[in-house]
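Q: I need the structure of the sequence given here:
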Amino acid sequence: MAAEQTLLFHVSDIHFGLEDNRALDWVKQEIAERRPAAVAITGDLTMRARHREFDAACRWIRSLDVPVTVEVGNHDLPYFNLVERFFQPYRRFRGIADRVEREIDLPGLAIVPLKTAVRAQPRLNWSKGWVSARALEKCLAAIDALPDGVRALVACHHPLREVGTAGTALTRGGSKALAELACRPSVLAVLSGHVHDAFDIVEETANGPVRMIGAGTLSKRTRSTPPSFNELAWDGESLRVRVRNLESVRTPDMQIDDVPEDARPPRQPGEPVAPVRQVPRTDPPVH
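A: From the prediction side, this is the model:
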């Protein structure tokens, strides 16, 4: 008899303020009909962390009648109120405070948060990721505390890719975090967002490989692919990823080959979009 599957939805970069309402309505309907065991939202709920953007984001998230965990993205920290950014950076999440950086424990599987968005950095570009020693320690402690046999999905906003120098690295501390996660056989994969295109790659570390899975965006700030989310299916043996989108583009054509080294900001409205390869699809239509 086939093992029962655990269905999860991995959503990212909703960017209320420039959200795609058609995509959001579709995802909400999919959640209501498919009833995933949990939804992991890997950051950037808003465009500029404005109160009205957070109000809209919190309303949408509260309307999802399933367990949800929310990571904090760089766009979610106050841009224009530096006092609040430094002293109350999560204040605007108060409508969903119980879901922020929440560990979700399911039968045989847990979603464990890892914070990568910080209020300040000793470099000019604060949009990039930073895994502090404290954040990594908290994440590893949660993984190590899981019961025997329970596997872990680590949820964060920034991909744990560290390239370039200290000033240009995509995610400072990312290499160390990946190496530590590679030491823990219970870790299935790291879920992230930030780059607005989906990916599913294996990152090599000194301690072994780590699978990194990225979700696209549900906003109008698309790059090379249409708005999408990841549907994850865990059967106790393998984790299957399907990139769901309203254009019925095949999963392989929705996934980029690697994480962009410079993590350049998504294109602005009016800038050209790289065309999506249209090839015969193998995934069934979504509607």
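
Q: quick one: secondary structure of N125?
A: Put simply, N125 is coil when judged by DSSP: H, G, I helix; E, B strand; the rest coil.

Q: Tell me, how many residues neighbour R91?
A: By other CB atoms under 10 Å, 14 other residues sit near R91. Yep, even glycine has a C-beta here, placed from its N, CA and C like the rest.

Q: for E101, that is, sorry about that
A: 20.

Q: what's near enough to touch it?
A: By CB atoms under 8 Å, 6 or more residues apart in numbering, E101 lies in contact with T69, V70, E71, V72, P113, K115.

Q: go again using 7 Å as the cut-off
A: Listed by CB atoms under 7 Å, 6 or more residues apart in numbering, the contact partners of E101 are E71, P113, K115.

Q: any chance of those in JSON lines, plus secondary structure, pLDDT and neighbour count?
A: Output for these, formatted as JSON lines (DSSP: H, G, I helix; E, B strand; the rest coil; pLDDT from 0 to 100; neighbours: other CB atoms under 10 Å):
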{"residue": "E71", "secondary structure": "coil", "pLDDT": "96", "neighbour count": "27"}
{"residue": "P113", "secondary structure": "strand", "pLDDT": "98", "neighbour count": "24"}
{"residue": "K115", "secondary structure": "coil", "pLDDT": "97", "neighbour count": "22"}
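
Q: tell me which element A142 is part of?
A: Using DSSP states H and E, A142 falls within helix 133-144.

Q: what's that helix packed up against?
A: Applying 3 or more CB pairs under 7 Å, 6 or more residues apart in numbering; DSSP states H and E, we find helix 133-144 packed against strand 109-113, helix 174-182.

Q: Pull the number of nearby residues for A56.
A: Around A56 there are 18 residues (other CB under 10 Å).

Q: Could you tell me the angle between the following helix or strand past the helix holding A142 and helix 133-144?
A: Next in sequence after helix 133-144, counting helices and strands by DSSP H and E, comes strand 151-155. On the basis of axes from the mean of the first three to the mean of the last three CA atoms, to 10 degrees, strand 151-155 is oriented at 160 degrees to helix 133-144.

Q: Show me the strands paired with the helix or strand just after strand 151-155, marking each as parallel or antiparallel.
A: Counting by DSSP H and E, the element after strand 151-155 in chain order, helix or strand, is strand 171-172. Neighbouring strands of strand 171-172 in its sheet, by DSSP bridges, are strand 129-130 (parallel).

Q: if we can go back for a sec, nearest to P147 among the contacts of E101?
A: In terms of CB to CB, no member of the contacts of E101 lies closer to P147 than P113, at 18.2 Å.

Q: Just confirm the closest one contacts V72, I think it does.
A: No. Counting by CB atoms under 7 Å, P113 stays clear of V72, with 9.1 Å between them.

Q: What ranges does this structure have for its strands?
A: For the chain, the strands identified by DSSP state E occupy 6-11, 38-41, 68-70, 104-106, 109-113, 129-130, 151-155, 171-172, 187-192, 199-205, 208-214, 228-234, 239-245, in order along the chain.

Q: can you list those strands in a markdown table and add distance to I31?
A: Shown next, in a markdown table, are these (distance: least, CB to CB, whole Å):
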| stretch | distance to I31 |
| --- | --- |
| strand 6-11 | 6 |
| strand 38-41 | 6 |
| strand 68-70 | 9 |
| strand 104-106 | 15 |
| strand 109-113 | 16 |
| strand 129-130 | 27 |
| strand 151-155 | 17 |
| strand 171-172 | 29 |
| strand 187-192 | 17 |
| strand 199-205 | 22 |
| strand 208-214 | 19 |
| strand 228-234 | 10 |
| strand 239-245 | 11 |
